[in-house]
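Peer 1: curious how this folds, go ahead:
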Amino acid sequence: MERKGSAFVPHDLAAPIRGRGNGPLAGLAFAVKDMYDIAGERTGGGSPQWLAAHPVAARHANAVQRLLDAGATAIGKTVCDEFFYSITGANHHYGTPVNPRAPGRLPGGSSAGSAVATAAGACDFALGSDTGGSVRVPAALNGIYGIRTTHGRMDGAGAMQMAPSFDSIGWFSPGPGVLRRIGGVMFPAPAPQAPIERMLLATDACDHADGAVNSVLHHFLGRVRGMIPEPHPFELFGTAIEAWRDAFRVLQAHEVWRTFGSFISEHRPPLGPGIRERMAYAASVTEAQAAEARAFVHALRADLRRRIAPGTLVCLPTVPCIAPRTDAPADELDRFRTRTMTLVCPGGLGGLPQVTLPAGAVDGCPVGVSFMGWAHGDETLLDLAARLGPWCGE
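Peer 2: Predicted coordinates:
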């Protein structure tokens with residue numbers, strides 16, 4: 001099959017995999033991040049060496065199978081950041097998927113290809129994953145809808161792991177209706193939901209974002225006034241913003257090395273820029289450092305779930321700035337990654353669901369607004385996205 005565009009891997013599907021003849025997603029086409037097994041295909045995880053070293057999959061990943069059973073058709077495998085260990089969307093081996101909503105700017109990662117395929121109209125929706133923002137960031141930078149689901153809510157069988165304490169399944173769509181329909185088939189069982197009674201605006205998260213991004217957020221909240229509870233100022237991080245980010249970074253790195261370290265040590269793949277340095281750091285994290293970070297995360301997760309109880313949502317900017325240019329220097333990309341990780345780490349630390357909506361634009365570049373909910377409040381977030389969708393993108 002000829003490549004369908006920059007979003008798809010060179011080892012793409014030879015032909016679409018048809019879904020069941022009927023079902024709630026019949027007639028829809030989807031793309032799959034190259035971390036989910038597809039029967040008869042190799043799964044690459046953004047690494048040609050990993051791809052070559054592993055056998056073809058015997059069966060579809062659980063998430064892929066659920067979509068096929070619901071009637072959707074899989075059309076291709078998408079590019080992701082190497083070993084998922086970046087947030088820019090650039091892949092040294094396969095190239096950078098072209099952001100169709102902001103040409104010349106990065107698409108965000110690590111589910112870059114899935115977001116680009118969705119934004120470019122190559123599919124009706126796409127499957128991604130979110131450990132440290134890997135659905136939320138590319139959804140925001142490509143001007144589409146995306147959701148990170150509650151940690152552990154869905155069966156991840158057949159999906160490559162990265163950092164199991166934070167890994168979560170997610171998906172993208174160009175509109176909120178399809179986003180919601182996918183939720184109707186992906187969750188193994190419905191969870192009790194609650195009406196939205198309290199909306200909190202994370203003022204310290206807003207302080208961390210550019211002024212133009214905050215202007216989009218406040219303009220959007222003004223447009224939907226009366227459709228959601230009046231937002232109340234709320235300090236999400238308190239005085240511990242750097243401690244949150246550092247704990248996430250340390251524990252993620254430790255688990256990344258546990259996942260990929262033996263393969264990297266044995267095969268010595270030529271890692272791309274940025275990935276090489278992060279893997280070296282991951283290898284250096286000690287058991288004592290990881291244990292300290294894990295204890296911090298355990299206590300913080302309990303506290304976040306207490307504060308974000310059923311009926312409560314937190315609103316914040318998805319990403320603190322517009323997408324960097326594709327030729328941005330390394331130091332600018334490092335700042336982007338650090339700033340972005342600060343805003344996306346609460347979802348991972350709390351294991352909480354978060355939906356991002358394409359709220360507007362700055363200088364023609366998409367800006368996303370997020371709503372983070374309580375554990376297992378995924379359906380409420382999907383319903384909210386559908387309700388607010390008509391006011392997005394102005």
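Peer 1: Three-state assignment for Leu201, please.
Peer 2: Assigned state for Leu201: strand (three-state reduction, DSSP: H, G, I helix; E, B strand; the rest coil).
Peer 1: the helices in the stretch 151-300 of the chain, which residues?
Peer 2: Ranges of helices in the stretch 151-300 of the chain, per DSSP state H, counting those that start in this stretch, are 176-186, 203-207, 211-223, 241-267, 275-284, 287-307.
Peer 1: which residues touch the nearest residue to Phe263 once chain neighbours are set aside?
Peer 2: Leaving out its chain neighbours, the residue that sits closest to Phe263 by C-beta to C-beta, 6 or more residues apart in numbering is Trp50, at 6.8 Å. Where C-beta positions appear, they are placed from N, C-alpha and C, glycine not excepted. The neighbourhood of Trp50, defined by C-beta atoms under 8 Å, 6 or more residues apart in numbering, consists of 44, 83, 263, 269.
Peer 1: returning to what we had before: of all the helices of the stretch 151-300 of the chain, which one is nearest Ser134?
Peer 2: Closest of the helices of the stretch 151-300 of the chain to Ser134 is helix 241-267, at 11.5 Å (criterion: C-beta to C-beta).
Peer 1: tell me which of the helices of the stretch 151-300 of the chain lies nearest to Ala14.
Peer 2: helix 176-186 (25.2 Å).
Peer 1: where does the stretch 251-394 of the chain have low pLDDT?
Peer 2: Applying pLDDT under 70 to the stretch 251-394 of the chain flags the ranges 394.
Peer 1: ok, His208 to Ala70 distance?
Peer 2: Distance, His208 to Ala70, by C-beta to C-beta, to the nearest Å: 38 Å.
Peer 1: turn the helices of the stretch 151-300 of the chain into JSON lines, including distance to Thr356.
Peer 2: What follows is these, written out as JSON lines (distance: least, C-beta to C-beta, whole Å):
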{"stretch": "helix 176-186", "distance to Thr356": "10"}
{"stretch": "helix 203-207", "distance to Thr356": "13"}
{"stretch": "helix 211-223", "distance to Thr356": "12"}
{"stretch": "helix 241-267", "distance to Thr356": "18"}
{"stretch": "helix 275-284", "distance to Thr356": "24"}
{"stretch": "helix 287-307", "distance to Thr356": "18"}
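Peer 1: now, the most widely separated pair of the contacts of Trp50?
Peer 2: Maximum distance among these (C-beta to C-beta): 12.6 Å, for Gly44 and Phe263.
Peer 1: the more surrounded of those two?
Peer 2: Set Gly44 next to Phe263 and count neighbours by other C-beta atoms under 10 Å: Gly44 wins out with 24 against 17.
Peer 1: thinking again about what came up before, nearest to Ala39, of the helices of the stretch 151-300 of the chain?
Peer 2: Of the helices of the stretch 151-300 of the chain, nearest to Ala39 by C-beta to C-beta is helix 176-186, at 18.9 Å.
Peer 1: surely Cys206 touches Asn214?
Peer 2: Yes - assessed by C-beta atoms under 8 Å, Cys206 is found in contact with Asn214 at 5.2 Å.
Peer 1: what is in contact with the two at once?
Peer 2: Pro317.
Peer 1: element containing Thr356?
Peer 2: For Thr356, the host element (DSSP states H and E) is strand 354-362.
Peer 1: so what strands line up beside that strand?
Peer 2: Applying DSSP bridges to the sheet, strand 354-362 is found paired with strand 145-148 (antiparallel), strand 365-372 (antiparallel).
Peer 1: so which residues of the chain form strands?
Peer 2: 29-33, 73-78, 125-130, 145-148, 168-173, 198-202, 232-234, 312-317, 354-362, 365-372 (DSSP state E).
Peer 1: rebuild the ones you listed as TSV, extending it with distance to Glu277 and mean neighbour count.
Peer 2: Formatted as TSV, the strands of the chain follow (distance: least, C-beta to C-beta, whole Å; neighbours: other C-beta atoms under 10 Å):
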stretch	distance to Glu277	mean neighbour count
strand 29-33	23	28
strand 73-78	25	25
strand 125-130	22	30
strand 145-148	26	31
strand 168-173	25	27
strand 198-202	30	18
strand 232-234	35	13
strand 312-317	27	23
strand 354-362	28	26
strand 365-372	27	26
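Peer 1: now stretch 325-342, how far from the chain's geometric center?
Peer 2: Computed by C-alpha atoms, centre = their mean, to the nearest Å, the chain-centroid distance of stretch 325-342 equals 17 Å.
Peer 1: with stretch 340-351 instead?
Peer 2: 11 Å.
Peer 1: residue contacts, Tyr281?
Peer 2: Ala253.
Peer 1: from Thr149, how far out is it?
Peer 2: Distance, Tyr281 to Thr149, by C-beta to C-beta: 28 Å.
Peer 1: do the same with Arg294
Peer 2: Taken as C-beta to C-beta, the span from Arg294 to Thr149 is 22 Å.
Peer 1: and those two? Which one has more around it.
Peer 2: Counted by other C-beta under 10 Å, Arg294 and Thr149 do not tie: Thr149 has more neighbours, with 26 against 16.
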